[in-house]
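Novice: sequence first, predicted coordinates after that:
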Amino acid sequence: MKDKARNHWLILVLLALAQFMVVLDVSIVNVALPAVSKAFHMNQTTLQWVVTAYTLAFGGFLLLGGRAADLFGRRRLFIIGTIVFGIASLLDGLAQSGGMLIALRGAQGLAAAFMSPAALSIVLVTYREGHERNVALSVWGAVASGGAAAGVLLGGILTQYLGWRWNFFINVPIAALVALASFRLLPAHESEETHNNLDLPGAVSVTAALMLLVYGIVKAPGLGWTSSHTIGYLGASILLFAYFVWNELRTEHPLVPFKIFRIRNVVGANLTMMPVVAGMFSTFFFTSLYAQTVLHYSPVKTGLSFLVIPFTIAIVATNVPRIVQKVGFKPILMIAPLFTASALFWLSHVRVGGNYVHDLLPGFILMGIGMGGTFVAVTIAATSGVPPRESGLASGILNTSQQVGGALGLAILTGLATSASVRYVQHLGSTPTKLTPALASVHGFHVAYLTATFFLLSASVIATLLLKQPKLTAAEAQKEAGAVGMH
């Protein structure tokens, strides 16, 4: 039994390391963006695609990756995804142009779309539902939310001392280690389904619909919301989503069996997750730019300034399972986003002549508290009551909400920030000063942070209205008490 328990926790460490690598790659490049921009002569609008290409491919293919894990074996898909992720990372580091880097970041996101849901579904079937799983998911949630902040620090160190390319090279040995260890530690899993028919029309249509939706929103600020191109992209996305729904309702083996949405908390948790990530992950993009271009921090100093966030997340996330056991996940998801909203509201007041203690630190602490509570609780909510044979699907849906939310959030907030900066300069008329670029950028950041604050407030409202706290029977309560005693 001790060997089994030890192997269970080794499996969790292995899977958490893989997830850390996946999440890290959303934020690790943020600190490197000024260096990438200088190397390939990219402006801010083009530069965001270094981040968006990854999150777009990741989010677009997650439903396919999650369902494929259920049908063809979780371990197999996880190992294949990890190997491809490592290869794509190596090629990212060798990129010779901005366009090449963006394309390869898309390939990296595609690999992550198979890794991440397979890893989370292995966690769900390894630990029984209740306190044991909640403890495992608290580690998972801490890694998922802390990886973003830790990426800024690691990205700063690598960019300053080894060069921006090492932000990608660092993944190669980690991916190799994870893939090799997976053969030894992960149990072979085939399929719990009676078929292996993958719904390719559904997979292609929903992936294309998600990508066109995000692409249309990314391009809209430049092209205009009423331009024929924007209407074309968004209209095509709506038509593809409609086809996807029609296809899923009529096909014998749908990519997304809609009965999973009868589980109310699956719907509520995913709708809560999207605005949370839309507001939160975009913050790392803007705050990294603020620290380096306005406060003139070095990449390492920028990374160190973010370090308080993962520390705060770790403290909060490790205590969430106990709180969930006492009050459930719903109260946490009503309150935790409000901490993050407070953090974003604080950051909406950053100054051109600011300093770390006044302008950033209070917001970072509040953000760590909000992220630590939200990510753990929303993962528990989104996976509770899901049958094992659909664990990969549930994982894919949750990750899709996260990545599409992040991509949409970055697209919307970047567009708003850029437009606000341009309007600020135009209103100055013919009296610009040497501070004008910094003032214009900070004005844009203010607009982005305030909009992100609204996203987080809406997440709290969604959680309040849609989530349902499951009630334990007397037998389940006794079982939970026994599980707590074991820990």
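Specialist: Right, received. Where do you want to start? Nothing here was measured: the structure is a model prediction, and the numbers come from that model.

Novice: residues near the nearest residue to Thr159 once chain neighbours are set aside, how many?
Specialist: Spatial nearest neighbour of Thr159, chain neighbours left out: Pro299 (4.2 Å); criterion: Cβ to Cβ, 6 or more residues apart in numbering. (Glycine included, C-beta is placed from N, CA and C.) Pro299 has 24 neighbouring residues, counting by other Cβ atoms under 10 Å.

Novice: phi and psi next, for Pro299.
Specialist: Main-chain dihedrals, Pro299, degrees, to the nearest 10: phi -60, psi -40.

Novice: I'd guessed it sits against Gly163; true?
Specialist: No. Pro299 is beyond contact range of Gly163, at 10.4 Å (criterion: Cβ atoms under 8 Å).

Novice: measure Ala278 to Trp246 for me?
Specialist: Using Cβ to Cβ, to the nearest Å, we find Ala278 at a distance of 28 Å from Trp246.

Novice: compare those two (neighbour count), which wins?
Specialist: Ala278 (27 against 12).

Novice: quick one: buried residues of the strand or helix carrying the more buried one?
Specialist: Element membership for Ala278 (DSSP states H and E) is helix 264-289. Buried positions in helix 264-289, judged by neighbour count with 16 or more other Cβ atoms under 10 Å: 265-289.

Novice: can you check stretch 406-419 too?
Specialist: Buried residues in stretch 406-419, counted by 16+ other Cβ under 10 Å: 406-418.

Novice: hang on, the earlier thing: how close does the residue nearest to Thr159 get to Val324?
Specialist: Pro299 sits at a distance of 37 Å from Val324 (criterion: Cβ to Cβ).

Novice: got it, and Met274?
Specialist: Met274 is 21 Å from Val324, where distance means Cβ to Cβ.

Novice: Ala35 now?
Specialist: Relative to Val324, Ala35 is positioned 41 Å away (criterion: Cβ to Cβ).

Novice: who has more neighbours, those two?
Specialist: When Ala35 and Val324 are compared for neighbours, Val324 comes out ahead with 23 against 19, by other Cβ under 10 Å.

Novice: surely the more buried one is in contact with Ala377?
Specialist: Yes. With contact defined as Cβ under 8 Å, Val324 reaches Ala377; the gap is 6.5 Å.

Novice: hmm, back to that, give me the common contacts of Pro299 and Gly163.
Specialist: Common neighbours of Pro299 and Gly163 are listed as Ala35 (criterion: Cβ atoms under 8 Å, 6 or more residues apart in numbering).

Novice: right, and out of the buried residues of stretch 406-419, which lies closest to Asp199?
Specialist: Lowest distance from Asp199 to the buried residues of stretch 406-419 (Cβ to Cβ) belongs to Ala407, with 23.3 Å.

Novice: mind listing what the closest residue to that closest one other than its chain neighbours touches?
Specialist: Using Cβ to Cβ, 6+ apart and skipping the chain neighbours, the partner closest in space to Ala407 is Thr55 (4.2 Å). Contacts for Thr55 (Cβ under 8 Å, 6+ apart) come out as Val26, Gly109, Gln403, Gly406, Ala407, Leu410.

Novice: per-residue confidence at Thr55?
Specialist: Here the pLDDT value assigned to Thr55 is 75.

Novice: how close does Ala377 get to Leu137?
Specialist: 9 Å.

Novice: so which of these two has more stuff around it?
Specialist: Between Ala377 and Leu137, counted using other Cβ under 10 Å, the more crowded position is Ala377 (32 against 29).

Novice: return the set of buried residues in the strand or helix carrying the more buried one.
Specialist: Here Ala377, judged by DSSP H and E, is contained in helix 361-383. Using 16+ other Cβ under 10 Å as the test for burial, helix 361-383 gives 363-383.

Novice: what does stretch 249-256 give?
Specialist: Buried-residue list, stretch 249-256, by 16+ other Cβ under 10 Å: Pro254, Leu255, Val256.

Novice: ok, now which ones touch the nearest residue to the first one once chain neighbours are set aside?
Specialist: If you skip the residues right next to it in sequence, Pro254 has Glu248 as its closest partner in space, 4.2 Å away by Cβ to Cβ, 6+ apart. Glu248 sits next to Asp199, Gly202, Pro254, Leu255, Val256, Pro257, Phe258 when contact means Cβ under 8 Å, 6+ apart.
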